[in-house]
Each structure stands twice: as C-alpha cells, then as structure tokens.
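S.K.: Coordinates for the following, if possible.
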Amino acid sequence: MLTQLGPIFAVLYVAAALSFILRALLREGREPASRIAWVMVIFNIPLLGMVLYTLFGETNIGRGRVARYKETKRLLADLVAQRREAGWDLVEERHLHLFRTGRSISGFAPVGGNTATLLSDAQAEIDAIIADMDAAQDHVHLLFYIWLEDATGLRIAEAAIRAAQRGVTVRAMADGLGSRNLIGSRHWVAMGKAGVQLVEALPIGNPLLHPIRGRIDLRNHRKIIVIDNRITYCGSRNCADPEFLPKAKYGPWIDLMLRFEGPVAMQNQALFAQDWLSHVEEPLPETPPDVSAATDGPGIVAQAIGTGPTVRDSAMPEVFVALLHGANRDLTVTTPYYVPNEAIQTALCAAAQRGVNTRMVMPERNDSWVVAAASHSYYLELLQSGVRIFEYPHGLLHTKLLTLDDSVALVGSANLDRRSFELNYENNILLQDAELTAGLRARQEDYIAASREILLEEVRDWSVYRRLWNNTVAMMGPVL
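M.R.: Take a look at the predicted model:
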C-alpha cells in the first residue's frame, strides 16, 4: 500500500502544478515576463512555488471589496460627469494627450482655477496642514499609508481631535499594514472617542484567510488630505517625522508636498470617497460637493489621477509612459524606487536618445536591498542611452516627482516600480503651469546639486559578482 502512494502523490502533484501554471498563463492583464517568472517559480520550487503563487501570484483584493469599489465609483460618476469637459480649453495642444490619458483612468477632466504652494520643508508642510485643519469649517478628510506615533503623527491626531470637538466632520483613514502600530494604539482610540470617524484601509486580519480575501501585500499607498472641498495636499509625505524612526539609519526621509486650493480638491475628494465608502457602509452625503461653485479660469490646470488594483491593468505605467514620450527638451525624474517594466525603461532610454536632457535622481542608499539591486541592473542601459543618473546621499530621497519641459509636472505617491504599477492604490496630480513647474524643477536641481553623478565608466567597472546579483534580483521583479 505504502509503495503505491508515491506514484499517486506524484500524479496529484503534477496535476496541481499544471493547474497553477495554466492559471498563471491564462491570467488576464499579466505581462509575458511575469507569466514566465511565475511558471519558473511553480515548476522549479516544489510545493512552495504553488504556495507563493497562492499568496502573491495575483492582484486580487477579494471579490467583495472589488464590488464595493466599483459600486462606489458608479455612485460618484454623476459628480465626476459634472466637470467632465471642464478645463480642456486651458490645456496646451501639445499636452492634451497627457490629460486625456489621465481622464481615461479616473474620469476626471483637467480643471483650471487652482493655486498651489510648494512648501519649503517638512516642518512647513506639517505646520500648513495643521493650520488648515484648525481653520476647517465643515470637514477634514485624511488618508495616509504610514501614520506613526511620533511627533508629527501625534500633532496631526491632536489637530483631528480639536476639529472634531468643535463640530467639524473628521474622517481619518490609514492603511492596515503601514499604520498598524498607530491603529492598535491608545491614540487611535482617543481619536475615535473624540468623534473622529476612523477606518482601517485594507485590514490585515487573519493572514491565513488572505488567499481567499485577497493578497496581503495589496496596500493603500495614497496620501490624501482634503479640507472643506477647497484645499487638498498631494505628494509623497506620510504622516511621520522626517527622521522616520522605524528605519532611522536611512533618514531623514526627503519628501515633497504641494498645497492646492481650487477645483482639483474635489477630484481628490472623490478619490477619498471611493476609498472610504468601499470600507464603510454609509450613504453618500445628501449634499455632494458644490461642483458648480468652482469655476475654471486663470490659474494652474490640474487633474487628479487615482490608480490601484481595482482600476484597469497598467494604468499607472500608462501615465508614466505618456509623460516620458511627451518630453521634447527636458525630463527630470525623482523616485526612491526604480523597478520599471519594459515600456518605461524603453521610454526613458528613447527620450535621451532623441536629444532630451534626461535625468534621474534617486537615493544613494535604499531601505530595500531588493529594490536597490534591481534598480542598479538598469543603470548600464540607461547610461549608454544618455540618461544621466544622480544618487542623493543625505537621507532617503522619497520624493516622487516628474517634471517635463517647461510647464508640466506629475507629483504624488506613485513610484516607478512594480508595486505602484500593479499592487498599490496611488494618487497623483498632473499639472500644467510654467511657474509651478519651474519651482518643482528648482527643487530637483537642489537634489542634483547635493548628489553624486553615476558615470558610465563606474558601472562598467562593477564586478561580475555585483552585476550577476543585480540582474538576478531584477529578473525576479515580475514576481516580487
């Protein structure tokens, strides 16, 4: 009897492996490189390969949550439609395709009549956010991927409590993984007791149930602040001190936030509402944001773009690729994490090859050794194509910013890596304005002035071992 079990288990194992391989091959929206990588993992790592695919092989957040996101988006469609065609006349013809790409994702048209402030540093950003919260008259909406129990995190929590106690509606949402310590703390409880409405985004719960409920590493990476339908903040800053004590050896975190005032705030409001109502069963407010009161006109043209696992596949890469191909003279990209797909790597190289002044600014030391190795594997091709690469040594450069020629920029939460492309909910604002773009470009110039340029000769001199390591890690990028 026992001797017969071996062949039976072998047949069952092969059948199971083939079923996983077929699922990986038939999965819609998957790049060929990802299919190949997962087939190799399943085929070459007995049993564990199938376990890994079950846990991480598909961008699934659970059928129930997908249904809630879609229903919420439908409920907000009327609000979006009211401004669907607003602002198009304000967009320069050479940039129309960029904003059309953004509208195809979130449904938001570009809107004029905005002002924006580029704040000088972390302290100025936090002070401005708290001042706006203290001046709020109707509501404060907060969404952070990481919200820590440090000085900054507690200052924001205290401002939320003050606002709630004076009758302002305060809704605060934090990711279940990135903000798990705060969510489990007395400060979260204190906010709730003070009247702050709280939601844990994508709660972890029982990890053993995640193969059924959805991948545990699909996260809400957004950073959204909306106050009174009039003010919004967008950028890379989490609700944490720049020193970022959980990873203090990489600090300080160098971030950038823009304070917008105007119609684009209501687009960020819609993104916040989609996230909030997908977790909380409550009706939409009886009085929706007063869209008619926000008129287009002189000012910054802006468009919010929200991406994530419930948006169409490759939405975020489409935005980046459109911008990279749209550059005519200057292109400067700041990102802490660079693990591109083939289209983005090709677009960056093509920009430099056609004579665009193409520069990338990244941190010298990365808090993820996997991302660091994968990023370095792309250096040689970038440098050979004429892309200039700068590494910032004074902390972890966490800013996510792309400036294009003389008047277009993209700022927000999305990195140029596969997590932002496929796994995370992200929010960005695409803008057209010469003065603001010049200010953002000046900030990038400050980063570059403090950085060390990586030269082609240096990369060519890397050891065989280092190149082998980088390329091996990068090869697993579609899986990781």
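
S.K.: Would you mind giving the secondary structure of the residue nearest in space to the middle of the chain?
M.R.: Residue closest to the mean C-alpha point of the chain, counted by Cα atoms, centre = their mean, is A414 at 2.9 Å. Here A414 takes the coil state, with states given by DSSP: H, G, I helix; E, B strand; the rest coil.

S.K.: How about A159?
M.R.: Applying three-state DSSP: A159 is helix.

S.K.: Identify the residue spatially nearest to it, adjacent ones excluded.
M.R.: M133 (4.2 Å; Cβ to Cβ, 6 or more residues apart in numbering). (Each C-beta comes from the backbone N, C-alpha and C, glycine too.)

S.K.: buried ones in the helix or strand hosting the one you found?
M.R.: According to DSSP states H and E, M133 maps onto helix 122-135. Residues of helix 122-135 classed as buried: A122, E125, I126, A128, I129, I130, D132, M133 (neighbour count, 16 or more other Cβ atoms under 10 Å).

S.K.: Could you list the domains of the chain?
M.R.: 2-56, 63-95+113-299, 315-475 (automatic domain parsing).

S.K.: want to throw those domains into CSV with distance to G102 and mean pLDDT?
M.R.: Output for those, formatted as CSV (distance: least, Cβ to Cβ, whole Å; pLDDT from 0 to 100):
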stretch, distance to G102, mean pLDDT
domain 2-56, 20, 71
domain 63-95+113-299, 10, 86
domain 315-475, 5, 96
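
S.K.: sorry, back to before: gap between the residue nearest to A159 and A172?
M.R.: 11 Å (Cβ to Cβ, to the nearest Å).

S.K.: Tell me the residues that contact both of the two, please.
M.R.: A160 (Cβ atoms under 8 Å, 6 or more residues apart in numbering).

S.K.: got a list of what the residue nearest to A159 touches?
M.R.: V140, I156, A159, A160, R162, A163, I227.

S.K.: can you check D228 too?
M.R.: So D228 contacts A136, Q137, D138, H139 (Cβ under 8 Å, 6+ apart).

S.K.: Quick check on the last one: phi, psi?
M.R.: Pointing back at H139 there. phi -150, psi 160 (degrees, to the nearest 10).

S.K.: mind listing the strands for the stretch 151-300 of the chain?
M.R.: 169-175, 197-201, 224-227, 231-235, 253-254, 257-261, 300-307 (DSSP state E, counting those that start in this stretch).

S.K.: number of nearby residues for N114?
M.R.: N114 is flanked by 26 other residues according to other Cβ atoms under 10 Å.

S.K.: Could you identify the longest helix within this protein?
M.R.: Counting by DSSP state H, the longest helix found in the chain is helix 2-26.

S.K.: got the buried residues for that helix?
M.R.: Applying 16+ other Cβ under 10 Å to helix 2-26 flags A17, F20, I21, A24 as buried.

S.K.: Save the buried residues of helix 122-135 as CSV, and put in distance to Q197 too.
M.R.: Compiled in CSV, those are given as follows (distance: Cβ to Cβ, whole Å):
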residue, distance to Q197
A122, 27
E125, 24
I126, 22
A128, 23
I129, 18
I130, 19
D132, 19
M133, 15
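
S.K.: Considering the residues you listed, which is situated nearest to V473?
M.R.: A122 (31.5 Å; Cβ to Cβ).

S.K.: which stretches of the stretch 151-300 of the chain form helices?
M.R.: 151-165, 180-183, 186-193, 210-213, 264-277 (DSSP state H, counting those that start in this stretch).

S.K.: export those helices to TSV and tack on mean neighbour count?
M.R.: Putting the helices of the stretch 151-300 of the chain into TSV (neighbours: other Cβ atoms under 10 Å) gives the following:
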stretch	mean neighbour count
helix 151-165	20
helix 180-183	19
helix 186-193	15
helix 210-213	17
helix 264-277	24
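
S.K.: want to throw those into JSON lines with distance to P317?
M.R.: Listed next are the helices of the stretch 151-300 of the chain as JSON lines, based on distance: least, Cβ to Cβ, whole Å:
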{"stretch": "helix 151-165", "distance to P317": "32"}
{"stretch": "helix 180-183", "distance to P317": "29"}
{"stretch": "helix 186-193", "distance to P317": "35"}
{"stretch": "helix 210-213", "distance to P317": "25"}
{"stretch": "helix 264-277", "distance to P317": "19"}
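
S.K.: nearest to V199, of those?
M.R.: Of the helices of the stretch 151-300 of the chain, nearest to V199 by Cβ to Cβ is helix 264-277, at 6.2 Å.

S.K.: Give me the angle between that closest one and strand 231-235.
M.R.: Relative orientation of helix 264-277 versus strand 231-235 (axes from the mean of the first three to the mean of the last three Cα atoms, to 10 degrees): 80 degrees.

S.K.: I figured I161 was touching M191, is that so?
M.R.: Yes. Look at I161 against M191 with Cβ atoms under 8 Å: they come within range, at 5.9 Å.
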